[in-house]
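# sequence and predicted model, in that order:
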Amino acid sequence: MRDIALFGGSAHPALAQEISEHLGAPLHPVRVQRFANDCLEVQLQANCRERDVFLIQPLVQPVQENLVELLLMLDAARGASAGRTTVVLPHYAYARSDKKDAPRISIGGRLVADLMVAAGADRVLTMTLHSPQVHGFFSVPVDHLHALRELAGHFSTLDLSTTTVVSPDLGNAKEAARFARLLGVPVAAGAKQRFADDRVAISSVIGDVDGRDVIVLDDEIAKGSTVIELLARLREHDVRSVRVACTHGLFAAGALKRIGDQPEVLEIVCTNTVPIHEHSDKLTVLSVAPALAEAVRRIHNGESVSALFDAP
């Protein structure tokens, strides 16, 4: 780790510190100051010349502030003659903007990827992108991890003899099927239609869930509208219990409380790709720092990262 330079932005300092500890490399400070005209200035406070630089910064609220800070960090590393700069992006918020599904709208996922590359990103390490095509928005190498093993390790301690994994929609069904294979249980999926950011309809659940225990798996939970709608359909099938799992627990607008207040929900499980500001007795947060640290180590040493992100 002698030639590595690890920096953490303002978005998630706790995760950056945990990655540093698992990696056995110091986390160098970043000075961020705001001028009177509201512009930001960023200074990386360690030598970067010809070093392998890793910048840890998930795009979380305030997303635009953290994005600009990341772009300035990238520019600072390039200006300091970094040998290679890798963005460690545990959560890519703009991944949801992945297609043109209405006239005259931007595809933010591609635009922000171009901005990062233009600012100096040579490589990106990310986790559980909202849709697979976002991987292709980047013109530099991308290592795309998932948290299925961490989630499966948590649930494997339970009696799963009557359990079904349920994806809220068909778009996430492939990941749900991988997760179900890890647990050795069947899989089902909801037939979802989205009308707005917080308005969805699930007409039915495809698969056997009648009278069974259910693990709902999604990539992220923001306002929780999809999960609440899915719970209504699952009640029609008299499911015995529900556990909710996701990689990115955004839990905006009181979503954690709304989901936790549902009587059939026994547990809500997410990872620490984003800071968790709400709390609940039903919430369990798993750490992805060991996986991210191992990926950073392998990238630095020129080793294969495929063992960490290949489909199980």
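Now that the structure is in, tell me what you want to look at.
# residue farthest from the centroid of this protein?
Relative to the mean C-alpha coordinate of the chain, counting by CA atoms, centre = their mean, the farthest residue is A36 (33.8 Å).
# what score does it have for pLDDT?
A36 is assigned 96 on the pLDDT scale.
# now swap in E41 and tell me
For E41, pLDDT reads 97.
# so is the closest residue in space to it that isn't next to it in sequence in a helix, a strand, or just coil?
Sequence neighbours aside, Q33 is the residue nearest to E41 in space, at 5.2 Å (criterion: CB to CB, 6 or more residues apart in numbering). For the C-beta atoms, the positions are set from N, CA and C on the backbone; glycine is no exception. Look at Q33: counting by DSSP: H, G, I helix; E, B strand; the rest coil, its state is strand.
# neighbours of Q33, just the number please.
Neighbour count for Q33, taken as other CB atoms under 10 Å: 9.
# so how far is R96 from it?
Using CB to CB, to the nearest Å, we find Q33 at a distance of 31 Å from R96.
# cool, and L148?
Taken as CB to CB, the span from L148 to R96 is 20 Å.
# so the two - more neighbours on which side?
More crowded of L148 and R96, by other CB under 10 Å: L148, with 23 against 17.
# residues in contact with the more buried one?
L148 makes contacts with E175, R178, F179, L182, P312, as judged by CB atoms under 8 Å, 6 or more residues apart in numbering.
# quick one: mean pLDDT over the helix or strand hosting the first one.
Taking DSSP states H and E as the criterion, the element that holds E175 is helix 173-183. Confidence over helix 173-183 (mean pLDDT, whole number) is 94.
# buried stuff in the helix or strand that that helix is followed by?
Next helix or strand after helix 173-183 toward the C-terminus (DSSP H and E): strand 187-196. Within strand 187-196, the residues scored as buried using 16 or more other CB atoms under 10 Å are V187, A188, A189, G190, K192.
# returning to what we had before: remind me which helix or strand the residue farthest from the centre of the chain belongs to.
With DSSP H and E as the test, A36 turns up in no helix or strand.
# show me what V242 is bridged to.
V214, V265 (DSSP bridges).
# so it is in contact with V216, correct?
Yes - using CB atoms under 8 Å as the test, V242 is close enough to V216 to be in contact (6.2 Å).
# which residues does the closest residue to P290 other than its chain neighbours contact?
With sequence-adjacent residues excluded and distances taken as CB to CB, 6+ apart, P290 is closest to H22, at 5.2 Å. Shown in contact with H22 (CB under 8 Å, 6+ apart): A289, P290, A293, E294.
# what about H22, which SS state?
Three-state call for H22 (three-state DSSP): helix.
# model confidence for it, exactly?
pLDDT, read off for H22, is 97.
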